[in-house]
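Participant: any chance you can model this:
(one chain, ligands or ions: 2)
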Amino acid sequence: MSKAKFNLKVYSERCKDCGICFEFCPKNNLKPGKDGAPEMIDPEACTGCKLCEYLCPDFAIQVWKDKPEEKEEQKEKGKSSR
Ligand code: SF4
Ligand code: SF4
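Facilitator: Ligands and ions are numbered 1, 2, ... in the order given. Model prediction:
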């Protein structure tokens, strides 16, 4: 079974580089990118807790899960065609 991966979207125009998200990520999985806005270090290490999203005072972060189920569904469809 493949492990869920999480995506991080940062609206860097809203980010003021306050560092809250880096400090509070329980997995220590965020680092400042080139422009100071956060980047994920390892998408597989993210638990999807969304703490970074909830704590960002500027609503600059969004976290969402990839949906491996969709890929599985497509595979199933492929199998059913004879
Ligand atoms: S908490 Fe929000 S504003 Fe602060 S560094 Fe992270 S993304 Fe930027
Ligand atoms: S969702 Fe949670 S684990 Fe993932 S980067 Fe944000 S704070 Fe860290």
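Participant: what parts of this protein come near ligand 1?
Facilitator: Contact residues, the chain versus ligand 1 (C-beta under 6 Å from any ligand atom): 10, 15-21, 37-38, 56, 58, 60-61. Every C-beta, even on glycine, is put in place using the N, C-alpha and C of the backbone.
Participant: quick one: buried ones out of the residues you listed?
Facilitator: Neighbour counting by 16 or more other C-beta atoms under 10 Å classes Val10, Cys15, Ile20, Cys21, Ala37, Pro38, Cys56, Ala60, Ile61 among the residues of the chain next to ligand 1 as buried.
Participant: so which of those belong to strands?
Facilitator: Val10, Pro38, Ile61 (DSSP state E).
Participant: could I get those as a markdown table with distance to Leu30 and pLDDT?
Facilitator: Conversion of these to a markdown table gives the following (distance: C-beta to C-beta, whole Å; pLDDT from 0 to 100):
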| residue | distance to Leu30 | pLDDT |
| --- | --- | --- |
| Val10 | 9 | 95 |
| Pro38 | 4 | 95 |
| Ile61 | 9 | 97 |
